[in-house]
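S.K.: With the input below, show me the fold.
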Amino acid sequence: MNTQEIMQIALEMAGLKEIPGDSRIYVPGENIRRVLFGIDIGVAELWVAKQLGYDCVIAHHPPGGAFGFLEVLHWHVDQMVAYGVPREVAEAAYREIAEPWAARQHSANYDHVASFARLLEMPLLNVHAPCDLVGRRIMEEAVFSRLRPDSTVQDVVDALLTLPEFQRAPTRPEVRVGRPENPAGRVVIAHGNGSNGGYPVAKAYFDHGVNTVCYLHLDPAHAARLQREGKGNVVVMGHMAGDMVGINPFLRRLREAGLEVTGVSGAADLGIF
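M.R.: Modelled structure (predicted):
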């Protein structure tokens, strides 16, 4: 198998036709049999892979930054619109969260990890949005199949805890804004759009009929601001466990294709902690 074929598996699973801006093949490779996969990959992990005889390294998060990241972050807009947020409001929320990410791109050492992969002649790619979109579908099925008109926010947490990645992780989904006993109302799994939408995206949802937003993580300052306003609920699901919900099916597909896959950096033993 080669790196393009590995990427194509991820795209097909996510229903994508093109590689999204937060995913990339940095160093192409052929005749891949042994893969080292980690949520975060740096130079040390590349060196370990080389020393242990792996043929390829796959990261989840973009190593060193991704200049197409804002393209994926903009997917929040389409998700907000699908839930009834007016497009102009959704675009304004996107601009507010995009500004710090754009500034970060200018300061990032974007070629650091990839340059060492080239030096070591180690094939390297990262698969971010495709796995996250798969994960969102799984989370939506787990939550929406169990929601009832009288469901509470705690019921949303309990539904997420039916997934093994959340059950066995050292973190647990928790109510970061609102109260567990609050009505869940309309729920959105705001995942698969590069990163969470913070205060601006959650507020846009709350102002337009969504009662509960589920993020992988949320900055404490954003959570405090939303809590003070008291308009809705935010469930924080947990970053590593939440990522693994979508990564695990991808790794299983690679193994079914005949690859030997070793998980590290948050993905040990298929993320079943």
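
S.K.: Show the subsequent helix or strand relative to the helix or strand of the chain with the lowest mean pLDDT.
M.R.: The weakest-scoring helix or strand in the chain, judged by mean pLDDT, DSSP states H and E, is helix 87-107 (a mean of 91). Next in sequence after helix 87-107, counting helices and strands by DSSP states H and E, comes helix 112-120.

S.K.: Any chance you could list what contacts that next one?
M.R.: Helix 112-120 is contacted from outside by 26-27, 41-43, 46-47, 50, 57, 63-64, 123-124, using C-beta atoms under 8 Å, 6 or more residues apart in numbering. (Each C-beta comes from the backbone N, C-alpha and C, glycine too.)

S.K.: Distance from the chain centre to that helix, please.
M.R.: Here helix 112-120 shows a centroid-to-chain-centroid distance of 24 Å under the convention C-alpha atoms, centre = their mean, to the nearest Å.

S.K.: Please point out which parts of it sit buried.
M.R.: Judged by neighbour count using 16 or more other C-beta atoms under 10 Å, the buried positions of helix 112-120 are Val113, Ala114, Phe116, Ala117, Leu120.

S.K.: which residues in this protein form strands?
M.R.: 24-27, 34-38, 56-59, 124-126, 174-177, 187-189, 212-215, 233-236, 260-264 (DSSP state E).

S.K.: shaky segments in the stretch 151-273 of the chain?
M.R.: For the stretch 151-273 of the chain, the stretches with pLDDT under 70 are 269-273.

S.K.: Tell me where it has helices.
M.R.: 153-160, 164-168, 198-206, 220-229, 239-256 (DSSP state H, counting those that start in this stretch).

S.K.: most tightly surrounded among those helices?
M.R.: helix 198-206 (a mean of 24; mean count of other C-beta atoms under 10 Å).

S.K.: Now do that helix and helix 220-229, the angle between them.
M.R.: Angle of helix 198-206 versus helix 220-229, following axes from the mean of the first three to the mean of the last three C-alpha atoms, to 10 degrees, is 30 degrees.

S.K.: other SSEs contacting helix 198-206?
M.R.: Applying 3 or more C-beta pairs under 8 Å, 6 or more residues apart in numbering; DSSP states H and E, we find helix 198-206 packed against helix 75-82, helix 87-107, strand 212-215, helix 220-229.

S.K.: Make CSV from those and add distance to Ile6 to it.
M.R.: Formatted as CSV, the helices and strands packed on helix 198-206 follow (distance: least, C-beta to C-beta, whole Å):
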stretch, distance to Ile6
helix 75-82, 23
helix 87-107, 26
strand 212-215, 28
helix 220-229, 35
